[in-house]
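Participant: please work out how this folds:
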Amino acid sequence: MVTYKWSTRDNSVFFLICSFIVYAHSDVPRPRGVSLAKASLYSPSKDFTCFDGTVTIPYNYVNDDYCDCFDGSDEPGTSACLNGVFHCTNAGHRPLNVPSSRVNDGVCDCCDGTDEYAAPDICSNICEDLGKEAKAEARRIAELYKAGSHLRKEFVEKGFKKCNEMSEQLNQFEKDKVEAEAIKAEKEAYKNEVEVRENEALKVYREAEALERQKKDEQEKATLLKESTEQFDKYDSNGDGELTRDEINVVNLFDKDKDGQVDDEEFQYFFGEKETVDKEAFGTSVWPLLKPFLMMEQGMFRPEDTEQLDNEPEVEADEISDPDVEYVGNDDDNSDDNSDLDLPQDEGEEHEPEPDKSITYDEETQKLVNEATDARQQLTEAERTVHEIESHIRNIQQNLEKDYGLHKEFATLDGECFEFEDKEYIYRVCMFQKVTQKSKNGGAEVGLGNWGEWAGGENRDNNKYSAMKYTNGMSCWNGPQRSALVNINCGLETKLLSVTEPYRCEYKIELTTPAACDEANAAQHHSSHDEL
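Facilitator: Numbers count the residues shown, from 1 in each chain. Alright, predicted model coming up:
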């Protein structure tokens, strides 16, 4: 037989426990509608002071169906004060506070029916039944969290592993960037060296080309001068070296609309504000305008717009882009894959002109041209490689900066997309990215919001990871930008349960996932639901 010796401390603990049991089960006198915690504030042996401290009244004024206190604290058990509070004891279930204005309004707010004491027959005490249901629900929730917590551990392990892998990738890309920039510097130095030799070799050809172009321009000017002189002499009927309106009136060529006369508009078209032109002015300003009309009469020329319409071949959309030119912009349709891949533009950098491919060079020069062309291509590839590495680094850094939960439990969900369908729409939530809506009848996808921040908190048991906020969606017609709040709940699988629109352009989405099955949060979540 084992003998236990009671200590002084054991006696003290036992006394406290017994005192608590006696106190808890004793009928502490207090006015109707007052909780046990506030019973000491309502002492029949002294006057009552309003909670806001403004007024002190005789105790028998409490619950006399007349509001004496501005804060309504003297009438918890009547509906006299609009701002009063009635406490439902609800023995067997959880207690409840309701506005005193609901007392004796014919609606049973307390499960024990104490708020309708004026007509006790209209309310039945259903607290025991509700308490049993609450206990069963609490057990179900506890079992769900217990089962989900095992799955959550896997999310935590995978989340830490993913973040560690991203950190390793970041370190590797940083090393790769150093090497790629060194290669780029080598390629650039080589290109500059080769281009110096290329330019020296091409200098002779470029000078010859410039001389040929100058010679051609001079020939064209001489031809134009000869033509204009011949035409001027032809139209200068009196040979005075001046063309007048009377002289061109008889020249059919100046009659643009072929109505038999040269009107003011046609005259101004060729002569401008001048009344006469000499041979030099005719060659520089009139003849360039007149020549196309002469060529049309001779059947040698058609207007540029008509010629383009008749002869311009149809161009397919795919033929617009040059297959040899690599795309350096951002494609909205592929923004998820290449959103950060902005290729270098080399702003402000001067490049040597590319060699003219229509010119045939000697063998040695052609060799230098090919070598320089290859060097430029190698530099372009080296620049592209550096830029791609920088893009990867930015993406990884952005992901590492994301808040994936206290234990990285949400990390593996990043980028995962889940769908929910109702009668009209298909909703799609891509975690940490965006929320979209698409009609089942077709049409474009509508953005309901982009990842913003964790939005749990006081409204969700002080757990910020209980809700995700997506903002800056597409604007509604004559309304605000769309947004979505995704409530995160414990579940044995990650899926969307429902989508509603409680307010215009504001969507509420319920999602379950094992990542939310933290038993510590479960205890906190149900702490306010403990039964008496």
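
Participant: report all helices and strands that the particular helix or strand that has residue 381 in it contacts.
Facilitator: Residue 381 is part of helix 363-400 when elements are defined by DSSP states H and E. With contacts defined as 3 or more CB pairs under 8 Å, 6 or more residues apart in numbering; DSSP states H and E, helix 363-400 has these neighbours: helix 127-235. No exception for glycine: its C-beta is placed from N, CA and C like everyone else's.

Participant: and the helix it packs on, how far out from the chain's middle?
Facilitator: 20 Å (CA atoms, centre = their mean, to the nearest Å).

Participant: elements contacting it?
Facilitator: So helix 127-235, by 3+ CB pairs under 8 Å, 6+ apart, packs with helix 279-281, helix 287-297, helix 363-400, strand 483-490, helix 519-526.

Participant: can we see that at 6 Å?
Facilitator: The contact analysis (3 or more CB pairs under 6 Å, 6 or more residues apart in numbering; DSSP states H and E) places helix 127-235 against helix 363-400, strand 483-490, helix 519-526.

Participant: that older thread, I'd like the mean pLDDT over the helix holding residue 381, please.
Facilitator: The average pLDDT within helix 363-400 is 95.

Participant: so which of the helices and strands packed on helix 127-235 is nearest residue 218?
Facilitator: Closest to residue 218 of these is helix 363-400 (CB to CB; 27.4 Å).

Participant: hey, what's the residue most central in space within the chain bridged with?
Facilitator: Per CA atoms, centre = their mean, the C-alpha nearest to the average position across the chain is that of residue 450, at 3.9 Å. On the basis of DSSP bridges, residue 450 is bridged to residue 434, residue 471.

Participant: distance of residue 506 from residue 438?
Facilitator: 19 Å (CB to CB, to the nearest Å).

Participant: in the chain, where is pLDDT below threshold?
Facilitator: 1-28, 300-358, 458-461, 521-532 (pLDDT under 70).

Participant: how about 50 then?
Facilitator: 1-26, 306-349, 527-532 (pLDDT under 50).

Participant: and it, what are its domains?
Facilitator: By the assignment in automatic domain parsing, the chain contains the domains 8-125, 132-311, 411-529.

Participant: my read: the residue nearest to the centre of the chain touches residue 469, true?
Facilitator: No: if you go by CB atoms under 6 Å, residue 450 and residue 469 don't touch, sitting 10.1 Å apart.

Participant: and the domains of the chain: which comes nearest residue 380?
Facilitator: domain 132-311 (8.8 Å).

Participant: check the offset of that closest one from the chain's centre.
Facilitator: With CA atoms, centre = their mean, you get 35 Å for domain 132-311.

Participant: ok, stretch 368-387 next?
Facilitator: The answer for stretch 368-387 is 36 Å, by CA atoms, centre = their mean.

Participant: before we move on, what about stretch 86-99?
Facilitator: 45 Å.

Participant: and it, C-alpha only, in CSV?
Facilitator: What follows is stretch 86-99 as a C-alpha-only set of coordinates in CSV (Å, rounded to 0.1, in the frame of the first residue of the first chain):
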residue,chain,number,x,y,z
PHE,A,86,-28.4,41.6,-22.6
HIS,A,87,-26.3,38.5,-21.5
CYS,A,88,-27.7,35.1,-22.4
THR,A,89,-26.3,32.5,-19.9
ASN,A,90,-27.3,29.6,-22.2
ALA,A,91,-26.3,26.9,-19.7
GLY,A,92,-25.3,23.8,-21.7
HIS,A,93,-24.2,25.8,-24.7
ARG,A,94,-22.0,28.9,-25.3
PRO,A,95,-23.1,32.2,-23.7
LEU,A,96,-24.2,35.1,-25.9
ASN,A,97,-24.5,38.8,-25.7
VAL,A,98,-27.4,40.5,-27.7
PRO,A,99,-28.6,44.1,-27.9
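
Participant: now do the SS call for the residue with the largest distance to the centre of the chain.
Facilitator: Ranking residues of the chain by C-alpha distance from their mean position (CA atoms, centre = their mean) puts residue 238 at the top, at 78.4 Å. Classification of residue 238 by DSSP: H, G, I helix; E, B strand; the rest coil places it in coil.

Participant: spell out which helix or strand contains the closest residue to residue 128 other than its chain neighbours, please.
Facilitator: Of all residues not flanking residue 128 in the chain, residue 92 sits nearest, at 4.4 Å (CB to CB, 6 or more residues apart in numbering). Using DSSP H and E, residue 92 sits in no helix or strand.
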